[in-house]
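A.B. asks: Sequence first, then the predicted structure, then my questions.
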Amino acid sequence: MSFVCTDTSREEVEESDESDSDEEEGCLLLPEDVSSDLEFLLALIRQCTFVSLVQFANMPLLYLLAQLGYTHCAYLVVVLGMLGSGAYQFWLRDQILIWLQKHKYWQMHVASVQQLLQPSCIPCLSVSSMAFLRGIYEAIDPPMDALTAGNSQQMYSAKVEEAFEASWRGAPVVGQIIPSLGLPGVLTLILCVASFCQVYKLWSESRRLRLRIDTWDPSDGHEPKRRWQIWIRMSHLTDVGGLMLLHHLFKELVLIEVESSPDIWPIADRNASFEVKIFAESVPSLWFQISLFCLTFSDASFNNWLLTLISICTGTMTILHFLYLQTRVMLQLHRIGELWQIKETALIIAYVVS
């Protein structure tokens with residue numbers, strides 16, 4: 001059984017240009033002379049991509065600070081980065097809400113975003129704040145991997161090097177490569193490959209989004225299929241970029257479109273980030289971080305021990321969370337008869353390896 005997105009019946013044309021122009025003043029994301037939906041979405045893509053790339057640009061700095069022993073400065077950079085990213089995501093959430101309110105047929109979407117402004121079960125925290133905090137361990141996992149890779153240079157004594165090489169000696173295929181790189185070299189290589197994969201995926205999702213938007217007729221913007229294509233790609237873009245609050249927002253919008261039409265693909269997955277965050281980064285990084293922790297446990301300083309342990313914890317939590325989500329996705333695929341299709345083979349392989 002397969003699901004194919006089909007066009008739904010057209011509704012009325014949205015509000016007149018005159019009424020729209022009165023509301024667009026509140027949307028600070030757009031330049032003053034821009035009023036179209038397409039320009040707003042393109043600006044939103046550029047801003048999300050830019051913020052994500054800034055976060056990835058911090059990785060070499062964090063690596064260098066940890067390598068030189070300035071771990072406290074590195075921690076400060078991570079905290080400031082998270083605060084800046086969080087503030088920017090909350091601001092973009094407000095701009096998206098203002099934009100959605102300009103469309104009288106999108107009241108369900110407006111209500112969904114407004115729900116994020118409501119108080120949560122924890123006093124003094126909104127639903128948006130909870131969504132941001134729930135994803136913070138996942139957002140800081142790449143920076144912590146960079147810190148651990150740089151800091152491993154200081155922890156890699158002759159004794160640790162000998163034990164590491166002995167543990168890999170005789171292993172097929174990689175028995176000569178990994179010992180020659182050394183534990184710090186392996187962690188650095190994983191960091192570089194994972195960062196490249198994530199930046200490439202970010203560019204790929206951004207490009208796909210722009211292609212979708214370039215062919216989108218604003219007069220058809222009320223159709224669930226059209227909106228679903230935009231929301232799902234935006235959720236992937238923000239997911240790969242570590243913008244977890246915005247990812248939560250766009251995933252909620254995806255679910256609204258799924259509920260509004262039975263012909264829309266019913267699964268809001270996270271396959272894009274699963275490939276590059278888990279398969280390319282968290283799993284291999286966690287393997288060698290545990291090796292580093294065990295080999296240096298008796299000799300490492302408290303700061304080095306704590307840094308490695310935090311990175312192991314964020315990686316473990318990220319992997320377990322993704323495996324839980326992917327298990328639900330695979331069960332849904334099984335129920336609709338799509339699990340063993342060719343397009344899902346890579347997902348199954350990555351899931352088993354993870």
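C.D. replies: Cool, got the structure.
A.B. asks: rest of the way, CA atoms for contacts and neighbours
C.D. replies: Will do.
A.B. asks: Would you indicate which residues of stretch 104-117 are buried?
C.D. replies: Buried residues in stretch 104-117, defined by neighbour count with 16 or more other C-alpha atoms under 10 Å: 105, 109-110, 112-113, 116.
A.B. asks: Save these as JSON lines, and put in distance to Leu64, pLDDT and secondary structure too.
C.D. replies: Converted to JSON lines, the buried residues of stretch 104-117 look like this (distance: C-alpha to C-alpha, whole Å; pLDDT from 0 to 100; DSSP: H, G, I helix; E, B strand; the rest coil):
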{"residue": "Tyr105", "distance to Leu64": "51", "pLDDT": "78", "secondary structure": "coil"}
{"residue": "His109", "distance to Leu64": "44", "pLDDT": "85", "secondary structure": "helix"}
{"residue": "Val110", "distance to Leu64": "44", "pLDDT": "87", "secondary structure": "helix"}
{"residue": "Ser112", "distance to Leu64": "42", "pLDDT": "87", "secondary structure": "helix"}
{"residue": "Val113", "distance to Leu64": "40", "pLDDT": "88", "secondary structure": "helix"}
{"residue": "Leu116", "distance to Leu64": "38", "pLDDT": "88", "secondary structure": "coil"}
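A.B. asks: In a markdown table: those residues, plus distance to Trp203.
C.D. replies: Shown next, in a markdown table, are those (distance: C-alpha to C-alpha, whole Å):
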| residue | distance to Trp203 |
| --- | --- |
| Tyr105 | 32 |
| His109 | 27 |
| Val110 | 29 |
| Ser112 | 28 |
| Val113 | 26 |
| Leu116 | 28 |
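A.B. asks: with these in mind, which one is nearest to Arg93?
C.D. replies: Taking C-alpha to C-alpha as the measure, Arg93 lies nearest Val113 of the buried residues of stretch 104-117, at 7.9 Å.
A.B. asks: Lys251 is in contact with the closest one, correct?
C.D. replies: No - contact criterion C-alpha atoms under 8 Å: Val113 and Lys251 do not qualify, at 10.7 Å.
A.B. asks: Show me what the strand or helix carrying Ser204 is packed against.
C.D. replies: Element membership for Ser204, per DSSP states H and E: helix 177-214. Of the remaining helices and strands, those touching helix 177-214 by 3 or more C-alpha pairs under 8 Å, 6 or more residues apart in numbering; DSSP states H and E are helix 37-68, helix 141-155, helix 158-168, helix 224-240, helix 283-296.
A.B. asks: Mean neighbour count, the ones you listed: which tops it?
C.D. replies: helix 141-155 (a mean of 25; mean count of other C-alpha atoms under 10 Å).
A.B. asks: Averaged pLDDT, that helix. What do you get?
C.D. replies: Across helix 141-155, pLDDT averages out at 93.
A.B. asks: export stretch 96-108 as PDB, just CAs?
C.D. replies: C-alpha atoms of stretch 96-108 as PDB (Å, rounded to 0.1, in the frame of the first residue of the first chain):
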ATOM      1  CA  ILE A  96       6.500  32.600  11.800                       C
ATOM      2  CA  LEU A  97       3.400  33.100  13.900                       C
ATOM      3  CA  ILE A  98       3.000  36.600  12.600                       C
ATOM      4  CA  TRP A  99       3.300  35.300   9.000                       C
ATOM      5  CA  LEU A 100       0.800  32.500   9.600                       C
ATOM      6  CA  GLN A 101      -1.700  34.900  11.000                       C
ATOM      7  CA  LYS A 102      -1.800  36.700   7.700                       C
ATOM      8  CA  HIS A 103      -3.600  33.700   6.100                       C
ATOM      9  CA  LYS A 104      -7.200  33.300   7.200                       C
ATOM     10  CA  TYR A 105      -7.400  29.700   6.100                       C
ATOM     11  CA  TRP A 106      -4.400  28.700   8.300                       C
ATOM     12  CA  GLN A 107      -6.100  29.100  11.600                       C
ATOM     13  CA  MET A 108      -5.200  25.500  12.700                       C
END
